[in-house]
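Q: Turn this into a structure:
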Amino acid sequence: MKKTNKSNIKMNMADIAKKAKVSKMTVSRAINQPQSVSKSTLLKIKKIINKTNFSINQTAKFFRSGASNNIFCFIPTLKGGNFNEYVAGILNEAEKFNSKVIIEIYDYSLKKEEEILNSCLSFNPQGIILVGLEHTKKTAKILKRCHIPVVETWDTSNKPIDRLVGFSHNRLGYDITDHMIKKYKDILFVKSNYSSAKGDYIRGEKKFIGYRERVLKEKRKIHFITINSLDFIESGKEIISYIKKNKKENIDCIICDEICALGAIYEANQNKIKLPKDLAIAGIGNSQTVQLSSPKLTTIDINAYQIGQKAVSQIFDFDDNVVTDTGYKFIIGESA
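A: Take a look at the predicted model:
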């Protein structure tokens with residue numbers, strides 16, 4: 001019986017992926033963006049390709065050197081401590097790989113994100129990092145076809161285009177309410193709607209859904225308001241004004257993001273409201289600014305710095321998890 005010469009066996013990308021025990025996307029990256037795949041994985045794939053009749057033209061791309069050392073990071077704003085911590089994590093991790101990070105701010109406009117993305121791809125970047133899972137249809141289509149590592153961040157609720165790093169906003173809303181509801185009866189949830197952007201609204205709603213679920217479990221009343229200002233003084237005034245005008249609701253605790261929390265603490269102090277005796281305040285976010293509040297804020301650290309770090313590491317050395325949950329942790333202060 002004539003033996004089959006293994007070198008003459010024709011293989012496609014799926015066969016190579018199966019043999020290398022990686023995804024087809026990883027094989028595609030090894031061919032099109034070798035700098036985005038770990039050295040061990042790249043070597044393994046190259047060895048398999050060298051033993052097969054896989055397209056010579058494609059294999060030759062392993063040796064191309066036209067890729068830049070740029071990582072493009074798309075963020076909606078730099079206002080607010082969480083995004084500053086996030087960017088710091090990205091910059092510090094990228095330095096380990098000798099990569100240059102280019103920050104693109106799209107002001108919560110998904111159309112602007114789409115326009116910037118089109119121009120960025122001409123630079124042949126090592127990878128793309130984005131905040132959120134919401135994009136225009138055209139942006140999503142481009143990202144799926146670009147053969148460049150794409151890491152979406154912040155919310156882990158839906159299926160990503162490629163890789164995803166962040167935490168569950170729904171679970172966070174539930175957990176912080178669960179912590180507060182054991183001590184306080186009427187909890188006001190402050191929705192932060194800083195823009196008309198779909199993604200910003202959805203993430204806020206997910207936290208609110210978690211809050212609502214936990215409150216209804218105790219058969220308590222739902223209390224909420226929506227704040228639109230990014231100015232912490234204005235936010236604080238709106239919150240405290242609402243509580244003073246609605247005394248019949250007997251609100252004894254507030255849950256809000258760190259900007260609103262700082263504003264509420266400031267305004268409560270101005271109005272001689274004793275914290276947490278008269279009113280408890282719990283925040284979401286633990287930036288350096290929050291750590292200076294007086295009294296010290298009880299809050300949730302969403303690990304923004306770690307999200308940034310992990311997003312970059314996923315560009316260069318993917319682990320087996322498509323979704324990486326960086327979690328969050330409670331910081332117990334004096335405000336609640």
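Q: Quickly list the domain ranges of the chain.
A: The record's domain parsing of the chain by automatic domain parsing lists 6-63, 70-167+305-327, 169-302.
Q: Adding mean pLDDT, write those domains out as a markdown table.
A: Below are the domains of the chain laid out as a markdown table (pLDDT from 0 to 100):
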| stretch | mean pLDDT |
| --- | --- |
| domain 6-63 | 70 |
| domain 70-167+305-327 | 91 |
| domain 169-302 | 93 |
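Q: Can you lay out those domains as CSV showing distance to Gly333 and mean neighbour count?
A: From N, CA and C alone the C-beta is placed, and that goes for glycine too. Listed next are the domains of the chain as CSV, based on distance: least, Cβ to Cβ, whole Å; neighbours: other Cβ atoms under 10 Å:
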stretch, distance to Gly333, mean neighbour count
domain 6-63, 41, 16
domain 70-167+305-327, 15, 19
domain 169-302, 4, 19
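Q: Just tell me which of those ends up closest to Glu334.
A: When the domains of the chain are compared by Cβ to Cβ, domain 169-302 sits nearest Glu334, at 3.7 Å.
Q: What's the end-to-end length of that closest one?
A: In domain 169-302, first residue to last residue: 10 Å (Cα to Cα, to the nearest Å).
Q: now swap in stretch 260-278 and tell me
A: Stretch 260-278: ends 18 Å apart by Cα to Cα.
Q: Kindly reformat the domains of the chain as CSV containing distance to Ala336.
A: Below are those laid out as CSV (distance: least, Cβ to Cβ, whole Å):
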stretch, distance to Ala336
domain 6-63, 44
domain 70-167+305-327, 19
domain 169-302, 4
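Q: Please tell me I have it right and Lys112 contacts Asn118.
A: No. If you go by Cβ atoms under 8 Å, Lys112 and Asn118 don't touch, sitting 11.0 Å apart.
Q: how close does the residue lying closest to His169 once chain neighbours are set aside get to Ile281?
A: Nearest residue to His169 in three dimensions, chain neighbours excluded: Lys206, at 3.8 Å (Cβ to Cβ, 6 or more residues apart in numbering). When distance is defined by Cβ to Cβ, to the nearest Å, Lys206 is 21 Å away from Ile281.
Q: Got phi/psi on Ile259?
A: Dihedral angles of Ile259 (phi, psi; degrees, to the nearest 10) stand at phi -60, psi -50.
Q: I'd say it and Glu234 touch.
A: No. With contact defined as Cβ under 8 Å, Ile259 does not count as touching Glu234 (9.9 Å).
Q: mind checking the backbone torsions on the residue most central in space within the chain?
A: With distances taken as Cα atoms, centre = their mean, Trp154 lies nearest the centre of the chain, 1.6 Å away. Dihedral angles of Trp154 (phi, psi; degrees, to the nearest 10) stand at phi 100, psi -60.
Q: The residue nearest to His169: what secondary structure?
A: What DSSP: H, G, I helix; E, B strand; the rest coil gives for Lys206 is helix.
Q: What distance do you get for the closest residue to Cys146 other than its chain neighbours to Ser68?
A: The shortest distance from Cys146 to any non-neighbouring residue, by Cβ to Cβ, 6+ apart, is to Leu121 (6.2 Å). Distance from Leu121 to Ser68, counting by Cβ to Cβ: 11 Å.
Q: and if you look at Tyr184?
A: As for Tyr184, its distance to Ser68 is 52 Å (criterion: Cβ to Cβ).
Q: what's the answer for Ser235, then?
A: Applying Cβ to Cβ, the value for Ser235 to Ser68 is 40 Å.
Q: and what of Gly173?
A: Gly173 is 40 Å from Ser68, by Cβ to Cβ.
Q: How about Ile209?
A: Look at Ile209 and Ser68: by Cβ to Cβ, they are 41 Å apart.
Q: And for Ile233?
A: Counting by Cβ to Cβ, the gap from Ile233 to Ser68 is 42 Å.
Q: you'd agree Gly173 is up against Val215?
A: No. Between Gly173 and Val215 there is no contact under Cβ under 8 Å: 10.2 Å.
Q: coming back round to it: wait, the residue nearest to the centre of the chain touches Lys206, no?
A: No. If you go by Cβ under 8 Å, Trp154 and Lys206 don't touch, sitting 10.9 Å apart.
Q: At which residues are the strands of this structure located?
A: 70-75, 100-105, 127-131, 150-155, 163-167, 187-192, 223-227, 253-257, 280-284, 298-301, 323-325, 329-331 (DSSP state E).
Q: Dump these to JSON lines, plus distance to Asn271.
A: Compiled in JSON lines, the strands of the chain are given as follows (distance: least, Cβ to Cβ, whole Å):
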{"stretch": "strand 70-75", "distance to Asn271": "35"}
{"stretch": "strand 100-105", "distance to Asn271": "35"}
{"stretch": "strand 127-131", "distance to Asn271": "35"}
{"stretch": "strand 150-155", "distance to Asn271": "34"}
{"stretch": "strand 163-167", "distance to Asn271": "34"}
{"stretch": "strand 187-192", "distance to Asn271": "16"}
{"stretch": "strand 223-227", "distance to Asn271": "17"}
{"stretch": "strand 253-257", "distance to Asn271": "14"}
{"stretch": "strand 280-284", "distance to Asn271": "13"}
{"stretch": "strand 298-301", "distance to Asn271": "20"}
{"stretch": "strand 323-325", "distance to Asn271": "39"}
{"stretch": "strand 329-331", "distance to Asn271": "25"}
